[in-house]
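Colleague: Sequence below, structure please.
(2 chains)
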Amino acid sequence: MHTGAGSESLATRAADAFRAFRDGDASGMSTLVDEVTPLLWAVARQQGVDRQSAEDVVQNAWLKLVEHAASIADPQSVLKWLITTTKRDAWSRSARARREEPSAHEDVRDLEPDERSPSPEAAFLDAEEHSVVWGHFARLPERCRVLLRAVAFAERPDYAHVAEALGMPVGSIGPTRGRCLAKLRASLTADPRWELST
Amino acid sequence: MTPTPEHEFRLAAQPLDEVDRVLLAELRDLHEDLDPPPEDLLDRIKFAMTVAALEAQVAEIVSEDRPLAVRGTDYDRADTVTFARDGLSVMVSFEPGDTTRTDIVGWVSEGDIEVELRERGRTRNTVTDEDGRFGFAGVERGLVNFVLRRRDPGAPPIITPAIEL
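Modeller: Numbers count the residues shown, from 1 in each chain, chains lettered A, B, ... in the order given. As a prediction, the model looks like this:
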């Protein structure tokens, strides 16, 4: 799935496309949208917003990038800027939704199942039957799920950058494994079913 | 073996390895299967960004004439589409079919309008004649937009939603 160009990081490709866009060449932005949107979607959903809100949040992050193009001083920070913008917006929507629910709705059953589920993990626990990894991932602390789902959609040179954009401490991941991936590895190693599947 | 804090700490301090790569790839695949972004999200984002970057007005599709005969997958391909916005209307026609390219002929309700055709990965420009006619030859099939500009530099450009040729 990692179809990106060789050794360059996502952050560098984002910087190049953004620089060209600011100089009047928008052709690279389409590829950038293709490459970065799955990561932003992961970030938004992991803040606990429903799918409709996640769509709005991700689209708004891109629109804000166009709007604020002139004020972004360092193109190398564009990826981080997109992640931070997405996370902040999704977080505030999710906080608002939590305050309003369930009292804002007369009957909780009026809500779509999608709107009720606080996080994808809860909705997809069924997947545990199909994947040992999913079961262990779902039991990680929330901050670890946020981090690992996001870096899964980035490339290795970007891990530290992504962690920083998510507000995680330095060293959360990359160049070393970090605590979250270590927790996942440790719990998988202790599960005999995982040995079978590797 | 039960994981201990010491064990976890040691694991955390090691460099990322091949098993981590495989694990993260599996996490990615799982999330892509279980909670994928909507299929049309990328196209909608790109369209919204283009509108924002051009500070354009979005035209509406006023009518779509579909071929009467249903042939294979051609049934959902319009052959004439009319758009309108701010007193300007545009009609574009093209031949439905299985060829890889098609010619587009169009007509705008005003003359002397600059018409930009935005295909996947390239753009082309032309200007309508005094009767409002314009044309593009050999256009690759797929999604296209048109951007129309009046000569008045203060007038915002008008962009059409994407149509499938």
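Colleague: wait, doesn't A:T31 sit right on A:A17?
Modeller: Yes. In this structure, A:T31 is within contact of A:A17 by C-beta atoms under 8 Å, at 6.8 Å. Placement of C-beta: from N, CA and C, glycine included.
Colleague: Between the two, point out the one with more neighbours.
Modeller: Shown here are A:T31 and A:A17; by other C-beta atoms under 10 Å in any protein chain shown, A:A17 has more neighbours (23 against 14).
Colleague: what about A:S71, how many neighbours?
Modeller: The criterion is other C-beta under 10 Å. On that basis, A:S71 has 6 neighbouring residues.
Colleague: B:G106 belongs to a strand?
Modeller: Yes. Applying DSSP: H, G, I helix; E, B strand; the rest coil, one finds B:G106 inside a strand.
Colleague: Name the nearest residue to it, sequence neighbours excluded.
Modeller: If the residues on either side of it in the chain are set aside, B:G106 comes closest to B:V92, at 4.3 Å by C-beta to C-beta, 6 or more residues apart in numbering or on different chains.
Colleague: what bridges to that neighbour?
Modeller: Residues found in beta-bridge contact with B:V92 (criterion: DSSP bridges) are B:V81, B:G106.
Colleague: Would you mind finding the longest helix in chain B?
Modeller: Identified as the longest helix of chain B according to DSSP state H is helix B:18-34.
Colleague: tell me what the next helix or strand after that helix is packed against?
Modeller: Under the assignment DSSP states H and E, the closest C-terminal helix or strand after helix B:18-34 is helix B:41-54. With contacts defined as 3 or more C-beta pairs under 8 Å, 6 or more residues apart in numbering or on different chains; DSSP states H and E, the secondary structure elements packing on helix B:41-54 are helix A:27-45, helix A:51-67, strand B:143-149, strand B:158-159.
Colleague: pLDDT of the longest helix of chain B, averaged?
Modeller: Average pLDDT, helix B:18-34: 93.
Colleague: Also stretch A:71-81?
Modeller: In this model, stretch A:71-81 has an average pLDDT of 93.
Colleague: cool, stretch A:22-40 as well?
Modeller: 90.
Colleague: Quick one: residues in contact with that stretch.
Modeller: Outside stretch A:22-40, the residues that touch it by C-beta atoms under 8 Å, 6 or more residues apart in numbering or on different chains are A:4, A:10, A:13-14, A:16-18, A:20-21, A:58, A:61-62, A:69-70, A:75, A:79, A:82-83, A:86, A:150, A:153-154, A:162, B:32, B:37, B:41-42, B:45-46, B:49-50, B:53, B:121.
Colleague: List only those of these flagged as buried.
Modeller: Burial of the contacts of stretch A:22-40 was assessed by neighbour count (16 or more other C-beta atoms under 10 Å in any protein chain shown); the buried members are A:4, A:10, A:13-14, A:16-18, A:20-21, A:58, A:61-62, A:75, A:79, A:82-83, A:86, A:150, A:153-154, A:162, B:32, B:37, B:41-42, B:45-46, B:49-50.
Colleague: Now the helix or strand where B:V139 lies: buried residues?
Modeller: Assigned by DSSP H and E, B:V139 falls within strand B:133-140. For strand B:133-140, burial by neighbour count (16+ other C-beta under 10 Å) applies to B:134-136, B:139.
Colleague: what residues does that strand touch?
Modeller: Residues from elsewhere that reach strand B:133-140 (C-beta under 8 Å, 6+ apart): B:94, B:100-108, B:113, B:115, B:117, B:119-120, B:124, B:126-128, B:165.
Colleague: so of those residues, which ones are in strands?
Modeller: The strands, defined by DSSP state E, take in B:94, B:101-108, B:115, B:117, B:119, B:124, B:126-127 from the contacts of strand B:133-140.
Colleague: B:Q14: which of those residues is nearest?
Modeller: The shortest approach to B:Q14 among these belongs to B:E119, at 49.3 Å (C-beta to C-beta).
Colleague: which non-adjacent residue is nearest that closest one?
Modeller: For B:E119, ignoring the flanking residues on the chain, the nearest one in space by C-beta to C-beta, 6+ apart is B:V144 at 5.4 Å.
Colleague: What about that neighbour, how many residues nearby?
Modeller: Counted with other C-beta under 10 Å, residues neighbouring B:V144 total 21.
Colleague: for it, what are its contacts?
Modeller: Here B:V144 is in contact with B:117-119, B:162-163, B:165 (C-beta under 8 Å, 6+ apart).
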